[in-house]
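Let me see the structure of the following:
(one chain, ligands or ions: 2)
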Amino acid sequence: MISSLAVFLSQSCFSQNTASLSITGEVAAPLEIKMQDLAAYKQVSQKVKDRDGKEHEFKGVALIDLLQKAGVTTGAKLRGENLAKYILITAADGYEVIYSLAEVDPEFTDELILLATEKDGQPLPSGEGPFRIIAQHDKKPARWIREVRSIKVVFAKN
Ligand SMILES: Nc1nc2c(c(=O)[nH]1)N[C@H]1C(S)=C(S)[C@@H](COP(=O)(O)O)O[C@H]1N2
Ligand SMILES: [Mo]
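Numbers count the residues shown, from 1 in each chain. Ligands and ions are numbered 1, 2, ... in the order given. Here you go, the predicted structure:
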């Protein structure tokens, strides 16, 4: 009983509080975000179906809000050569996915790409969290990258 509690604490609470996420690359102000920093952002939630068709409610912050804080070219600045920028997201297990900036920017899309920290009212468990990307309009969850560690804004232009 006591040992299972210790395992629970070390796997969830501890890592939840210490893990951080970096935003670097083509940004005006690189960010190192910790769980507690996210409280300053608007909280949003999204109901999505997982690969087994089961509905879950994810809660977190809009990825666009974090990119704006880091001074990424979004909104009126997302034009011309900036449309050749994308974000490369890397997870703890080495899994990587990209989204173009225009796929994240609400001036281009009704998609709301979420940096989720909770699922069905609970913090994301180890192996999934503390940070996970959820994109409700993707028809399969392959880009819902778990255990996000870094986001790099990259210029694809030659
Ligand atoms: N870090 C990480 N995230 C990942 C993956 C992965 O291998 N590593 N696999 C993706 C794929 S292919 C799918 S289908 C979904 C599965 O999500 P689930 O584990 O919640 O069912 O996670 C995605 N996110
Ligand atoms: Mo998958």
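
so where do the strands sit in the protein?
All strands of the chain, identified by DSSP state E, fall at 20-25, 31-34, 43-49, 55-62, 85-91, 96-100, 113-119, 122-123, 132-135, 148-155.

Can you list the helices and strands that the shortest one packs against?
Contact analysis of strand 122-123 by 3 or more C-beta pairs under 8 Å, 6 or more residues apart in numbering; DSSP states H and E lists no helix or strand as a packing neighbour. C-betas here are computed from N, CA, C, even on glycine.

Quick one: mean pLDDT over that strand.
Across strand 122-123, the average pLDDT comes to 98.

now do the first one
What strand 20-25 shows for mean pLDDT is 97.

Show me what it pairs with in its sheet, parallel or antiparallel.
strand 31-34 (antiparallel), strand 148-155 (parallel) (DSSP bridges).

Out of the strands of the chain, the one nearest residue 72 is which?
strand 148-155 (5.5 Å; C-beta to C-beta).

Now do the contacts for residue 143.
The contact partners of residue 143, by C-beta atoms under 8 Å, 6 or more residues apart in numbering, come to 97, 99, 133, 135.

gap between it and ligand 1?
Counting by C-beta to the nearest ligand atom, to the nearest Å, the gap from residue 143 to ligand 1 is 7 Å.

Which residues does the most centrally placed residue in the chain form beta bridges with?
In the chain, the centroid-proximal residue (C-alpha atoms, centre = their mean) is residue 115; its distance is 3.1 Å. On the basis of DSSP bridges, residue 115 is bridged to residue 61, residue 133.
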